[in-house]
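*Asks:* Mind looking at a prediction? Sequence and model below.
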Amino acid sequence: RKEVEQDPGPFNVPEGATVAFNCTYSNSASQSFFWYRQDCRKEPKLLMSVYSSGNEDGRFTAQLNRASQYISLLIRDSKLSDSATYLCVVKRTGGSYIPTFGRGTSLIVHP
Amino acid sequence: GAGVSQSPSNKVTEKGKDVELRCDPISGHTALYWYRQSLGQGLEFLIYFQGNSAPDKSGLPSDRFSAERTGGSVSTLTIQRTQQEDSAVYLCASSLALAGGSSYEQYFGPGTRLTVT
């Protein structure tokens, strides 16, 4: 089983839709979680960190489920500009500082 | 402030030649990472620096790949005797890093697109 897994998609949704992605991780010692966004032929950029209690940033909501070992990203009122690949990032506590990236979920928002 | 910068932005080289890729991290960021990304693929970890030392080189795909960092700042990734399978975008990222497991987000540079012909 891969350390971090994501459904590659693509998720094809109309403008205004609500869409959610999940990301599962295999190492229960994982402590830090992030969502990054990567536009086509661009570098990844931090979208938001994921906190234990869940957190919201405008139309974006991130949640962590430690029992089932997954994190989620919910996007409300999708915009055309939300079209991108969303990367899940997981880091274990202590030891190596290397985060593990998922391969990403592709989102296409159409008019 | 200035972000992570990388040079060159594009590099085309002939098979068998050596190339050097440069990364200039955000000032004050002690951690520096190199990744590569092939077309349509995820990020492949190559190497990580904490200060000038590289505690984890496990991701380097072969002994043709090496990296160094001097002065806790600029890093250079060198690929010797390039092969066509080395063609990819090479991304550098930096972050704050503290002992004890605290983790900060990474900031990526724009990447160097390497094409080996």
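*Replies:* Looks like it arrived, so ask away.
*Asks:* Identify the residues contacting residue 33.
*Replies:* Reading this off chain A. Residues in contact with A:F33 (Cβ atoms under 8 Å, 6 or more residues apart in numbering or on different chains) are A:25, A:49-50, A:62, A:64, A:71, A:88-91. Where you see a C-beta, it was placed from the backbone N, CA and C, and this is true even at glycine.
*Asks:* my bad, chain B
*Replies:* A:98, B:45-49, B:92-95, B:106 are the contacts of B:Y33 under Cβ under 8 Å, 6+ apart.
*Asks:* what does B:E20 give?
*Replies:* The neighbourhood of B:E20, defined by Cβ under 8 Å, 6+ apart, consists of B:76-78.
*Asks:* What's the separation between it and A:T24?
*Replies:* B:E20 sits at a distance of 38 Å from A:T24 (criterion: Cβ to Cβ, to the nearest Å).
*Asks:* re earlier: neighbour-wise, give me the winner out of the contacts of B:E20.
*Replies:* When neighbours are counted by other Cβ atoms under 10 Å in any protein chain shown, B:L77 leads the contacts of B:E20 with 24 neighbours.
*Asks:* That one and B:L21 touch, don't they?
*Replies:* Yes: B:L77 is within contact range of B:L21, at 4.5 Å (criterion: Cβ atoms under 8 Å).
*Asks:* if we can go back for a sec, now, of the contacts of B:Y33, which are buried?
*Replies:* Neighbour counting by 16 or more other Cβ atoms under 10 Å in any protein chain shown classes A:98, B:45-49, B:92-95, B:106 among those as buried.
*Asks:* Show me where chain B dips below the pLDDT cut-off.
*Replies:* Along chain B, segments meeting pLDDT under 70 span B:1, B:98-103.
*Asks:* any residue of stretch A:58-78 up close to chain B?
*Replies:* No: residues of stretch A:58-78 contacting chain B under Cβ under 8 Å from any Cβ of the partner chain: none, with a closest distance of 13.0 Å.
*Asks:* For that stretch, measure first residue to last.
*Replies:* Stretch A:58-78 has an end-to-end distance of 12 Å (criterion: Cα to Cα, to the nearest Å).
*Asks:* how far is it from where the chain is centred?
*Replies:* Between the centre of stretch A:58-78 and the centre of its chain there are 7 Å (Cα atoms, centre = their mean, to the nearest Å).
*Asks:* in that stretch, what's buried?
*Replies:* A:60-64, A:70-73, A:75, A:78.
*Asks:* from those residues, which single one is nearest A:K45?
*Replies:* A:K45 lies nearest to A:F60 out of those, by Cβ to Cβ, at 13.2 Å.
*Asks:* For the closest one, grab phi and psi.
*Replies:* Geometry field for A:F60 lists phi and psi as phi -110, psi 130, criterion degrees, to the nearest 10.
*Asks:* And it, what's its pLDDT?
*Replies:* Listed pLDDT for A:F60 reads 97.
*Asks:* which residues does it bridge with?
*Replies:* Judged by DSSP bridges, the bridge partners of A:F60 are A:D57, A:I75.
*Asks:* That one contacts A:S72, correct?
*Replies:* No: using Cβ under 8 Å, A:F60 makes no contact with A:S72, being 10.9 Å away.
*Asks:* Disregarding residues adjacent in the polypeptide, which is nearest to the most centrally placed residue in chain B?
*Replies:* The centre of chain B sits closest to B:W34, judged by Cα atoms, centre = their mean, with a distance of 2.8 Å. In this structure, B:W34 finds its nearest non-sequential neighbour in B:L46, 4.2 Å apart by Cβ to Cβ, 6 or more residues apart in numbering or on different chains.
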